[in-house]
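S.K.: need coordinates for the following:
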Amino acid sequence: MTNLDLDFVRSQFPAFSSPALEGQAFFGNAGGSYTAGAVIDRLTRFYTHRKVQPYAPYEASRLGGEEMDEARARLSALMGVEEDELSFGPSTSTNTYVLAQAVRQWIARDGGAIVVTNQDHEANSGAWRRLATEGVEVREWKIDPQTGHLDPEALRPLLADGKVRMVCFPHCSNVVAAINPVAQICAMVREAGGYTCVDGVSYAPHGLPDIGALGADVYLFSAYKTYGPHQGLMVISRELGAKLPPQCHSFNAGVLYKRFTPSGPDHAQVAACAGMADYIDALYAHHFPGKDARPVARSNAVHDLMRSHETRLLQPLLDMLAARNDLRLIGPRDAALRAPTVAVALDRPAEPVAARLAPFGIMAEGGDFYAGRPLTAMGVDLELGVLRLSFVHYTSQVEVARLMTSLEQVLQP
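M.R.: Numbering: from 1, shown residues only. Okay, here's the model as predicted:
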């Protein structure tokens with residue numbers, strides 16, 4: 001199997017040549033990744049040469065609109081969905097909130113219930129749970145309090161009466177990090193007559209998903225955690241989009257990618273999202289020279305390169321942490337079953353421990369990471385929080401080794 005060329009990867013990110021970041025190993029990627037150079041170049045070009053109202057009949061405007069359309073066309077193709085099924089919004093939290101309001105109106109009209117989990121980050125849980133105050137029945141799919149595992153079999157009883165219209169769950173949690181069997185869950189919900197909303201914020205940075213193959217009706221993730229600008233991306237199927245009441249200006253209701261966007265988009269940042277596609281295509285061309293493939297096949301190949309590299313680097317870190325008796329490793333101990341977002345509960349506040357790692361050139365964080373529900377369910381003291389160590393495919397083996405050495409020193413009694 002082709003291995004990831006890390007030198008080429010890092011050459012695509014200006015952060016690795018920044019004097020301000022020299023000697024620093026970044027382990028806070030779950031909160032936001034470095035930005036690919038192609039994205040920065042497109043953003044700069046838009047602000048410099050295209051900063052006019054797009055889609056007007058003059059050159060700068062025409063080019064600006066074309067670049068926005070390019071982002072939607074190329075990213076949707078890489079994820080195996082139709083172009084109009086992809087929309088952009090200011091953040092995943094906002095996109096989820098808007099979607100929840102549409103579902104509220106739909107359920108108020110037709111009846112039914114929704115299912116949420118206690119494995120979720122607040123963004124894909126709070127907006128749905130608040131619908132209970134307006135009469136929507138909200139059911140909870142609970143994790144195993146020891147492992148954080150979300151068992152699909154525990155979902156079946158919640159679906160049994162046929163009343164569930166929507167099941168909202170994460171591709172993987174931002175603290176548990178176990179990769180949920182999305183395709184299996186989506187098939188189960190579909191068989192029961194419901195739809196699925198998958199929060200992919202913590203998964204997409206590790207390789208864009210083939211959403212068409214997963215079968216999710218809604219899939220959301222954040223571009224700024226996926227090497228892009230601060231935008232939220234939402235894929236919504238044509239079938240579900242047609243059922244839900246529009247949340248947009250009246251004149252946009254007939255356009256699916258505008259139907260759940262209450263305000264005008266950030267033109268420059270939407271256009272810059274095409275740089276994410278540039279980066280994926282550059283990785284494919286470099287690692288598979290002379291080969292040609294459909295966009296979704298290129299994306300899947302890059303996804304596998306990223307995951308293979310991350311898994312190889314992650315396992316030694318998991319083994320080291322699992323062997324210690326002074327901390328609790330959250331989530332699976334097998335790197336193949338999880339994302340490289342590693343949360344550990346300590347016998348002391350986590351934030352000062354993260355601060356003690358900083359002089360070693362380790363950039364990490366401590367806290368609850370808006371994941372109070374899963375941490376509480378697993379018995380973690382939110383006052384202490386967890387130390388979170390998160391990396392992606394541009395992380396090197398040397399950096400992980402330095403993290404492990406630094407942790408050994410910082411965690412000494």
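
S.K.: quickly list the domain ranges of this structure.
M.R.: Split into domains by automatic domain parsing, the chain comes to 6-35+297-410, 42-277.

S.K.: and those as TSV, adding mean pLDDT, distance to residue 285 and mean neighbour count?
M.R.: Just so you know, the C-beta spots here come from the backbone N, C-alpha and C atoms, and that holds for glycine as well. Formatted as TSV, the domains of the chain follow (pLDDT from 0 to 100; distance: least, C-beta to C-beta, whole Å; neighbours: other C-beta atoms under 10 Å):
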stretch	mean pLDDT	distance to residue 285	mean neighbour count
domain 6-35+297-410	98	9	18
domain 42-277	97	12	20
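
S.K.: looking at these, which is nearest to residue 288?
M.R.: Closest to residue 288 of these is domain 6-35+297-410 (C-beta to C-beta; 6.5 Å).

S.K.: quick one: end-to-end length of the closest one, please.
M.R.: End-to-end distance for domain 6-35+297-410, by C-alpha to C-alpha, to the nearest Å: 28 Å.

S.K.: now swap in stretch 131-146 and tell me
M.R.: Its start and end residues considered, stretch 131-146 measures 29 Å (C-alpha to C-alpha).

S.K.: let me have the domains of the chain in TSV, extended by distance to residue 286.
M.R.: Compiled in TSV, the domains of the chain are given as follows (distance: least, C-beta to C-beta, whole Å):
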stretch	distance to residue 286
domain 6-35+297-410	5
domain 42-277	15
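
S.K.: strands of the stretch 101-250 of the chain, start to end?
M.R.: For the stretch 101-250 of the chain, applying DSSP state E, counting those that start in this stretch gives strands covering 113-117, 137-141, 164-170, 195-199, 218-222, 232-236.

S.K.: what's the offset of the fourth one from the middle of its chain?
M.R.: Yep, that's strand 195-199 we're talking about. Strand 195-199 has its C-alpha centroid displaced from the chain centroid by 13 Å (C-alpha atoms, centre = their mean, to the nearest Å).

S.K.: go on, stretch 267-274?
M.R.: Put simply, stretch 267-274 sits 18 Å off its chain's centre (C-alpha atoms, centre = their mean).

S.K.: contacts only, for the residue nearest the centre of the chain.
M.R.: By C-alpha atoms, centre = their mean, the mean C-alpha position of the chain lies nearest to residue 201, the distance being 1.6 Å. Residues counted as contacts of residue 201 (C-beta atoms under 8 Å, 6 or more residues apart in numbering) are 92, 121, 123-124, 170, 174, 220-222, 225.

S.K.: distance check, residue 361 against residue 399.
M.R.: For residue 361, the distance to residue 399 (C-beta to C-beta, to the nearest Å) stands at 9 Å.

S.K.: swap in residue 150?
M.R.: According to C-beta to C-beta, residue 150 and residue 399 sit 30 Å apart.

S.K.: cool, residue 39 as well?
M.R.: When C-beta to C-beta is the yardstick, residue 39 and residue 399 sit 22 Å from each other.

S.K.: and stretch 174-186, end to end?
M.R.: Stretch 174-186: ends 20 Å apart by C-alpha to C-alpha.

S.K.: distance from that stretch to the middle of the chain?
M.R.: 12 Å.

S.K.: now do stretch 254-272
M.R.: How far stretch 254-272 lies from its chain's middle: 19 Å, per C-alpha atoms, centre = their mean.

S.K.: with stretch 311-319 instead?
M.R.: 21 Å.

S.K.: again, but for stretch 179-195
M.R.: Chain-centre distance of stretch 179-195: 19 Å, with C-alpha atoms, centre = their mean.
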